[in-house]
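**Student:** Using only what follows, build the 3D model:
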Amino acid sequence: MAPAGGAWPPIAAALLAFALIALATRLAPRPMLIADRFWPGTGWLEAGLIAVYAGFVMRAMRTPEGARKTRPRIWRLFTVVFFGQLLLGLLGFERFLMSGQLHLPVPALIVAGPIYRGGGYFMVALFLSTIVLVGPAWCSHLCYIGAWDDTASRARKTPQPLPKWRPKARLAILIAVVAAALALRVGGASPATAAWVGAGFGLIGVGIMLTASRRTGAMAHCTTWCPVGLAANILGKLNPFRLRIGEGCTECRVCTRACRYEALTLDDIRRRMPGLSCTLCGDCLASCRHRQLHYRFPGLSPDAARTLFLVLVVGLHAAFLALARI
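**Tutor:** Residues are numbered from 1 along each chain as shown. Just a heads-up that it's a prediction; the model follows:
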């Protein structure tokens, strides 16, 4: 597979990141950038630096091998920045919080929170906007918790199969989360009670990362416990980006050992398409010696589709790095 080469992809990723940051800062009722919060009027400089960063990331990810190495690193960086700002906010530096108010950083609350509150759809809108642009890639590039599960799973070099009941379990968990949020709302549960329930759900998820994900090498939390993961997988089918397996595939299953989302079982390979839990992370592309794994987008060649996808996801990542906070 040819690299996402040339000068235009890094420039496009940089311009996209700058445009997203500029749009968010213009629409927001309060300063969104840390620079503007401490030194009003300097946000443009921060936006420019983030755009340059996006260009460098795009260059680093121009080949499948480079993307496989770079994606986990920038994802962890985002998590460190995100939770670092949360820690500073808890220590009393409220400028590092989105609104000066604390919210639980549990992905399940993207689904459950608005159901319980009957409002507050900002995170839902943000999540759906990423689905429109990059499909289920929220779960492999943009989620503030997912990088934890990725790191935990890498304690084992080669992923092991998860239980066969996993798909049914994740659907049951999504239904249970929605039902619990409705029950809390109808029952008139206090915000404190709802917060404790949400925190408990999140802590169980961390426990799954530290046990099941580390033991199996698969991302058990993201592919089983997190209801947002299933929502991203299902809604992501509305997005035109796809990963496909070429007819020249030898079924060697090397890609199976590279996929931590359990989206490339033997049945998936024989169907010539990844399973529902695929997040378009792209790790499998670098593993395939025969170059039979490709990104697809209507009207584009596989190389052009991959380049477009990377421009979009890198631009989003860089904008999230500048703007995402509790």
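
**Student:** ranges for the strands of the stretch 151-300 of the chain?
**Tutor:** 242-245, 293-296 (DSSP state E, counting those that start in this stretch).

**Student:** what residues are up against the residue lying closest to Arg272 once chain neighbours are set aside?
**Tutor:** Spatially, and ignoring its direct neighbours in sequence, Arg272 is nearest to Ile245 (4.4 Å; Cβ to Cβ, 6 or more residues apart in numbering). No exception for glycine: its C-beta is placed from N, CA and C like everyone else's. Residues in contact with Ile245 (Cβ atoms under 8 Å, 6 or more residues apart in numbering) are 269, 272-274, 292-293.

**Student:** ok, so of those residues, who is nearest Arg30?
**Tutor:** Proximity of these to Arg30 (Cβ to Cβ) peaks at Pro274, which lies at 40.8 Å.

**Student:** correct me, but the closest one touches Ala263?
**Tutor:** Yes - using Cβ atoms under 8 Å, Pro274 makes contact with Ala263 at a distance of 4.2 Å.

**Student:** related to what we said a few turns ago, list only those of the contacts of Ile245 flagged as buried.
**Tutor:** Buried by 16 or more other Cβ atoms under 10 Å: 269, 274, 292-293, out of those.

**Student:** closest to Ala147 among those?
**Tutor:** Pro274 (20.9 Å).

**Student:** in the sheet, who's paired with the residue nearest to Arg272?
**Tutor:** Leu293 (DSSP bridges).

**Student:** Just the CA coordinates for stretch 239-254, please, in CSV.
**Tutor:** Listed next in CSV are the C-alpha coordinates belonging to stretch 239-254 (Å, rounded to 0.1, in the frame of the first residue of the first chain):
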residue,chain,number,x,y,z
ASN,A,239,-20.8,6.4,7.5
PRO,A,240,-19.4,5.4,4.1
PHE,A,241,-15.8,4.5,5.3
ARG,A,242,-15.2,0.8,5.4
LEU,A,243,-12.4,-1.7,5.8
ARG,A,244,-12.4,-4.5,3.3
ILE,A,245,-10.4,-7.7,2.7
GLY,A,246,-9.2,-8.4,-0.9
GLU,A,247,-10.0,-11.5,-2.8
GLY,A,248,-6.3,-12.3,-2.7
CYS,A,249,-6.4,-13.0,1.0
THR,A,250,-4.7,-16.3,2.0
GLU,A,251,-6.5,-16.5,5.3
CYS,A,252,-3.2,-16.7,7.1
ARG,A,253,-4.9,-14.9,10.1
VAL,A,254,-2.0,-12.7,10.9
